[in-house]
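Chemist: just coords:
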């Protein structure tokens, strides 16, 4: 479906509204989506009502009824059009936008792989069990996805830890810390302790990571992101267990 507003064209495509400038460039996109935050489910929807594109934001807390959080006009002055020239113009603009998006996605993927490859040993088969391998993969995935300095720092330390071959308990504790920091499920640590494998320098490095995670947890609590904070505190606690085994 097509609408014109002034010199711009609004197109509905696969549930997304796209506003096209006279130059053929995409001026704006309006995508319906949902996201959960703690116990709240947020939804953003768009709909043409009369001569307006209306944006609605709703929130549902737990099992409560959905309530309207915000409603506003995204685009005004619409009039429906359906002529061949306008449709051809819109199709060409969307095709060019798709090509540009695909090219950017490929560039982002290459950049992500380069970030992981820049960490010596980050992609190596470390041969220290399933849980550490899971942690390594989780950290690599976060690094690929963006400039995640914390994940990169944890991965560098993970490689150092693998090279010194500490006790299985220290490996398990560090793996749990990394997985919790990546918001993934991890095994609980055993209650029994194992002999320490002294490496004070590495212990201090891991303790520094734990401190940063504690600070991150405090920041998450400040914005009521309790589950995120709990994950960060669990990660910090597990890393401190690993650090103590290396003192």
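Modeler: Here it is on my side, so go on. Just so you know, these numbers come straight off a predicted model, no measurement behind them. Numbers count the residues shown, from 1 in each chain.
Chemist: Could you use CA atoms for every contact and neighbour count after this?
Modeler: OK.
Chemist: so where is this structure shaky, pLDDT-wise?
Modeler: Within the chain, the stretches with pLDDT under 70 are 38, 192-195.
Chemist: all helices in it, in order from the N-terminus.
Modeler: With DSSP state H as the criterion, the chain has helices at 84-117, 130-145, 149-164, 168-181, 200-222, 226-244.
Chemist: gap between residue 28 and residue 114?
Modeler: According to C-alpha to C-alpha, to the nearest Å, residue 28 stands 31 Å off from residue 114.
Chemist: ignore the last one, residue 196
Modeler: As for residue 196, its distance to residue 114 is 36 Å (criterion: C-alpha to C-alpha).
Chemist: Then residue 75?
Modeler: As defined by C-alpha to C-alpha, residue 75 lies at a distance of 40 Å from residue 114.
Chemist: Same check on residue 233?
Modeler: Taking C-alpha to C-alpha as the measure, residue 233 falls 30 Å from residue 114.
Chemist: With residue 127 instead?
Modeler: With distances taken as C-alpha to C-alpha, residue 127 is found 23 Å from residue 114.
Chemist: Same question for residue 82.
Modeler: Distance of residue 82 to residue 114, given as C-alpha to C-alpha: 46 Å.
Chemist: Between residue 196 and residue 114, point out the one with more neighbours.
Modeler: Using other C-alpha atoms under 10 Å as the criterion, residue 196 and residue 114 rank with residue 196 on top: 16 against 13.
Chemist: Nearest residue to that one in space, ignoring adjacent ones along the chain?
Modeler: Leaving aside its chain neighbours, residue 196 sits nearest to residue 245 (4.5 Å; criterion: C-alpha to C-alpha, 6 or more residues apart in numbering).
Chemist: wait, isn't that neighbour in contact with residue 200?
Modeler: No. Using C-alpha atoms under 8 Å, residue 245 is not in contact with residue 200; the gap is 9.6 Å.
Chemist: Show me which of these two is the more surrounded one.
Modeler: residue 245 (23 against 14).
Chemist: any chance you could read off phi and psi for that one?
Modeler: Main-chain torsions, residue 245, degrees, to the nearest 10: phi -80, psi -10.
Chemist: Same question for residue 77.
Modeler: Main-chain dihedrals, residue 77, degrees, to the nearest 10: phi 70, psi 40.
Chemist: Now do the contacts for it.
Modeler: 5-6, 51-52 (C-alpha atoms under 8 Å, 6 or more residues apart in numbering).
Chemist: Also residue 50?
Modeler: Applying C-alpha under 8 Å, 6+ apart, the residues near residue 50 are residue 78.
Chemist: what does residue 79 give?
Modeler: Neighbouring residues of residue 79 by C-alpha under 8 Å, 6+ apart: 3-5, 51.
Chemist: Name whatever forms a beta bridge with it.
Modeler: residue 4 (DSSP bridges).
Chemist: Okay, it and residue 4: tell me how far apart.
Modeler: 5 Å.
Chemist: same question, residue 121
Modeler: 55 Å.
Chemist: who has more neighbours, these two?
Modeler: Counted by other C-alpha under 10 Å, residue 121 and residue 4 do not tie: residue 4 has more neighbours, with 20 against 17.
Chemist: does that one really touch residue 81, like I thought?
Modeler: Yes. Look at residue 4 against residue 81 with C-alpha under 8 Å: they come within range, at 6.6 Å.
Chemist: And for the spatially closest residue to residue 8 that is not a sequence neighbour, the neighbour number?
Modeler: Counting by C-alpha to C-alpha, 6+ apart, residue 8 lies nearest to residue 21, which is 5.0 Å off, once chain neighbours are set aside. Residue 21: 17 surrounding residues under other C-alpha under 10 Å.
Chemist: In contact with residue 21, which residues?
Modeler: So residue 21 contacts 7-9, 27 (C-alpha under 8 Å, 6+ apart).
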